[in-house]
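Colleague: Starting from these lines, generate the structure:
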Amino acid sequence: MNRRPSDGSPWRSFTIRAGIALGLLALAVATNRDQIRQVLGRQIDLRLFALGFGLYISGVMLAFVRWYFLVRAVELPFRMRDAFRLGFVGTLFNFVIPGAIGGDFVKAAYISREQERKARAIATVVIDRLVGLLGLFGLAALAGTLGWGRLDPPVRRLVASAWIASAVVALLLGLAFAPGLYGRLSRRARRRRVAHALAELDAAGSAYRDCLGVVVLGSLLGGLTHTLNVLAFYADSVALFPEVPSLTDHLLIVPLVLFSTAVPLPFGALGVSEQVSFGLFRLADYKGGAVAMMAFHLLQGAGALIGAAVYMANRREVKTLQAEEEFELDTEPV
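Modeller: Now for the predicted structure:
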């Protein structure tokens with residue numbers, strides 16, 4: 001199969017989106033210049049910054065462990081080393097590719113090339129993302145419910161939104177595990193490749209129904225991952241400012257801020273998430289939300305550098321996988 005030569009449009013799209021992100025960041029910097037000037041004028045506690053990075057990277061690696069269990073639950077050959085290798089590569093591309101789920105596409109591409117049952121392998125990435133989102137929204141909803149009595153009406157609406165989002169994600173997971181759904185679609189599919197993929201998805205759904213404990217564990221690990229993210233964000237805030245909102249406020253607000261990183265702009269929705277953080281933390285009468293999010297982006301950038309090192313260390317293996325995939329496409333009958 002002949003491939004069309006690239007016309008450079010992906011790079012143009014990335015450049016445009018990167019320009020938008022940098023422009024929004026410049027706006028955030030200009031809007032918060034007084035806060036930034038105050039931060040730079042006082043001594044920053046670098047030990048708390050280091051603690052924040054340790055908490056953040058621990059959450060990242062815990063997400064790799066969660067994915068490992070979800071892959072093993074559908075009986076695919078997979079090592080913990082593979083989860084960390086592909087996970088760190090995904091972390092790099094999560095930061096670089098527009099949108100917080102960009103790295104998921106990269107992970108799905110690589111794990112599908114390494115597995116014979118490709119549809120089942122890709123399904124693990126989707127389920128892992130849904131389980132992670134359930135942990136994210138569940139954490140915000142639980143924290144908001146526990147502190148409901150002292151919340152203002154706008155923040156209470158955020159808590160209600162978090163519960164609704166949790167219910168939607170739970171519904172999507174239920175549909176993913178629906179018995180016989182993909183099997184019926186598989187029998188009706190006309191193309192053999194589509195039918196095979198649907199049959200694999202049906203087998204994956206059946207495997208997860210038989211291992212619901214793994215899914216529940218994954219949701220709990222997802223909540224723990226995002227708790228570590230909140231603690232990292234809180235540590236950075238304390239390192240920058242003498243007075244910050246309570247940890248309970250952070251547990252409610254930060255998950256909603258981090259959800260904004262799914263906006264399709266590179267570098268973790270740079271600029272957008274700062275503005276969202278500023279607006280949400282204003283509900284807690286705190287003006288340092290944007291600057292704290294800038295500091296959290298530094299943690300994400302450091303994690304992406306580790307991902308880049310892992311990617312470079314496995315570059316030969318990645319090229320081999322890409323060559324094998326191209327050979328399969330070239331030899332596939334039309």
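Colleague: Pull out the buried positions in stretch 74-89.
Modeller: Within stretch 74-89, the residues that count as buried by 16 or more other Cβ atoms under 10 Å are V74, L76, F78, D82, A83, F84, R85, L86, G87, F88, V89. Glycine gets a C-beta too; all of them are placed from N, C-alpha and C.
Colleague: Those residues: which two are farthest apart?
Modeller: Taking Cβ to Cβ as the measure, the buried residues of stretch 74-89 span a maximum distance of 22.1 Å, between V74 and F88.
Colleague: Present the buried residues of stretch 74-89 as TSV; the columns should include secondary structure, pLDDT and distance to L51.
Modeller: Listed next are the buried residues of stretch 74-89 as TSV, based on DSSP: H, G, I helix; E, B strand; the rest coil; pLDDT from 0 to 100; distance: Cβ to Cβ, whole Å:
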residue	secondary structure	pLDDT	distance to L51
V74	coil	81	36
L76	coil	82	36
F78	coil	85	32
D82	helix	88	29
A83	helix	91	25
F84	helix	93	22
R85	helix	90	26
L86	helix	88	27
G87	helix	90	22
F88	helix	92	21
V89	helix	87	26
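Colleague: Quick one: these as JSON lines, columns for distance to A26 too.
Modeller: Shown next, in JSON lines, are those (distance: Cβ to Cβ, whole Å):
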{"residue": "V74", "distance to A26": "45"}
{"residue": "L76", "distance to A26": "45"}
{"residue": "F78", "distance to A26": "43"}
{"residue": "D82", "distance to A26": "40"}
{"residue": "A83", "distance to A26": "38"}
{"residue": "F84", "distance to A26": "36"}
{"residue": "R85", "distance to A26": "36"}
{"residue": "L86", "distance to A26": "34"}
{"residue": "G87", "distance to A26": "32"}
{"residue": "F88", "distance to A26": "30"}
{"residue": "V89", "distance to A26": "30"}
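Colleague: which one of these is nearest A165?
Modeller: Taking Cβ to Cβ as the measure, A165 lies nearest G87 of the buried residues of stretch 74-89, at 24.3 Å.
Colleague: Which residue, neighbours along the chain excluded, lies closest to that closest one?
Modeller: Nearest residue to G87, sequence neighbours excluded (Cβ to Cβ, 6 or more residues apart in numbering): F64, at 3.7 Å.
Colleague: Centre of the chain to whichever strand or helix holds that neighbour, how far?
Modeller: Using DSSP states H and E, F64 maps to helix 46-73. Relative to the centre of its chain, helix 46-73 is centred 12 Å away, using Cα atoms, centre = their mean, to the nearest Å.
Colleague: ok, now stretch 155-174?
Modeller: Stretch 155-174 has its average C-alpha position 17 Å from the chain's average C-alpha position, going by Cα atoms, centre = their mean.
Colleague: what separates M61 from V126, distance-wise?
Modeller: The gap separating M61 from V126 is 21 Å, by Cβ to Cβ, to the nearest Å.
Colleague: What of S58?
Modeller: From S58 to V126 the distance is 24 Å (Cβ to Cβ).
Colleague: rewinding a little: which neighbouring elements make contact with the helix holding F64?
Modeller: helix 80-96, helix 118-146, helix 212-240, helix 289-313 (3 or more Cβ pairs under 8 Å, 6 or more residues apart in numbering; DSSP states H and E).
Colleague: Hey, what's the angle from that helix to helix 118-146? Just curious.
Modeller: On the basis of axes from the mean of the first three to the mean of the last three Cα atoms, to 10 degrees, helix 46-73 is oriented at 130 degrees to helix 118-146.
Colleague: Before I go, just wanted to say thanks for your time.
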